[in-house]
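Visitor: model this:
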Amino acid sequence: MNNVSISTTSLPRLESSNFYELSSTIKMINRFLKESKVDGFEFVLLPEWDSENPPLTPTSAPSECEKHSVKEIIETLQTRNFPILSVHANRDIGNYLCSEDAEKVRKGIRLIQESLDFTQKVNSKICVFHFWDTWKETFDLRSLQNLYQRFQGMHPEIEISIENIPTKYKNKTPFQITQFFRYKTVDLKWASLFNEFDLFVEIIEQVDNVHIQGKCQDGSVVPSLGSLNYE
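Guide: Prediction:
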């Protein structure tokens, strides 16, 4: 039986708070643990919390929204012993790694290490990454693969899981790019959009995490993009 977890970014909205409000996230985690049968949570490290610079990817959060260091969040979670089944690293990491700016690349590498340290500190075994810039038509895949292998070798206790986010890479699909990496997170929305669900099923032993997102339609959850049948 597979575990079921909830992404922490969705929790504050359930009490009409903003997704970046950490206090609301903590409050709702406590509530779900008391009132539901959820096994745990995927804790998302938001780029909106970064005090160094605003997010590189689109966001609805104002620039003056609350900021939190990784160290601060670790201290907040460690006192509560929440079941964090997976961690979602800062979604901007792929943009940093694929930048032509060497300083941004170095920041991306630093964020990888911070995310893995965070994962270890909250006793999770899976860390999910967006590992490329979705809008770039070309980037150095071998370099990303080498970087992945280096960090996976340094942290064998953690499964570094690469998500099948969209890509503009010439002549390659998300599925094809994820083949450069050992562990994979399948977001069903993107698998539906690119019609690649069946391909991931064929290598299911390499998939350690699945994201289910969509919309309610006639009493069922359906993908917001593509035509994959969730049932």
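Visitor: Look through the chain and tell me its longest helix.
Guide: The longest helix of the chain (DSSP state H) is helix 102-121.
Visitor: The next helix or strand after it pairs with which strands, parallel or anti?
Guide: As assigned by DSSP states H and E, the chain's next helix or strand after helix 102-121 is strand 126-129. Taking DSSP bridges as the criterion, strand 126-129 forms sheet pairs with strand 84-88 (parallel), strand 159-163 (parallel).
Visitor: quick one: the first one to helix 102-121, angle?
Guide: It refers to strand 84-88. With axes from the mean of the first three to the mean of the last three C-alpha atoms, to 10 degrees as the basis, strand 84-88 and helix 102-121 are set at 180 degrees to each other.
Visitor: go on, the last one?
Guide: Between the axes of strand 159-163 and helix 102-121, defined by the same axes, to 10 degrees, the angle is 130 degrees.
Visitor: thinking again about what came up before, could you provide the strands paired with strand 126-129 in CSV, with additional columns for distance to Phe32?
Guide: Quick note: C-beta positions are derived from backbone N, CA and C, even for glycine. CSV is the format used below for the strands paired with strand 126-129 (distance: least, C-beta to C-beta, whole Å):
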stretch, distance to Phe32
strand 84-88, 13
strand 159-163, 23
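Visitor: list the contacts for the spatially most central residue of the chain?
Guide: By C-alpha atoms, centre = their mean, the chain has its centre lying nearest to His88, at 3.4 Å. His88 makes contact with 7, 42-45, 127-128, according to C-beta atoms under 8 Å, 6 or more residues apart in numbering.
Visitor: Recalculate using a threshold of 7 Å.
Guide: 42, 44-45, 128 (C-beta atoms under 7 Å, 6 or more residues apart in numbering).
Visitor: in the sheet, who's paired with it?
Guide: Val44, Val128.
Visitor: the strands in this protein, which residues?
Guide: Applying DSSP state E to the chain gives strands spanning 5-7, 40-44, 84-88, 126-129, 159-163, 183-187, 207-211, 215-217, 220-222.
Visitor: got the ones you listed as CSV, with distance to Gly108 columns?
Guide: Below are the strands of the chain laid out as CSV (distance: least, C-beta to C-beta, whole Å):
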stretch, distance to Gly108
strand 5-7, 22
strand 40-44, 17
strand 84-88, 15
strand 126-129, 10
strand 159-163, 14
strand 183-187, 18
strand 207-211, 21
strand 215-217, 32
strand 220-222, 33
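Visitor: export those to CSV and tack on mean pLDDT?
Guide: Shown next, in CSV, are these (pLDDT from 0 to 100):
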stretch, mean pLDDT
strand 5-7, 96
strand 40-44, 98
strand 84-88, 98
strand 126-129, 99
strand 159-163, 99
strand 183-187, 98
strand 207-211, 98
strand 215-217, 81
strand 220-222, 81
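Visitor: Would you mind saying which of these lies nearest Leu228?
Guide: Shortest separation from Leu228 across the strands of the chain is recorded for strand 220-222, at 8.2 Å, computed as C-beta to C-beta.
Visitor: So which residues lie in contact with that closest one, not counting its own?
Guide: Defining contact as C-beta under 7 Å, 6+ apart, one finds that strand 220-222 is touched by 214-215, 230-231.
Visitor: let's go with 10 Å and repeat that
Guide: With contacts defined as C-beta atoms under 10 Å, 6 or more residues apart in numbering, strand 220-222 is touched by 188, 192, 212-216, 228-231.
Visitor: Please pick the buried ones from the residues you listed.
Guide: Among the contacts of strand 220-222, those classed as buried by neighbour count (16 or more other C-beta atoms under 10 Å) are 188, 192, 214, 228.
Visitor: Go through those and flag the one the model is least confident about.
Guide: Ranked by pLDDT, the buried ones among the contacts of strand 220-222 bottom out at Gly214, which has 79.
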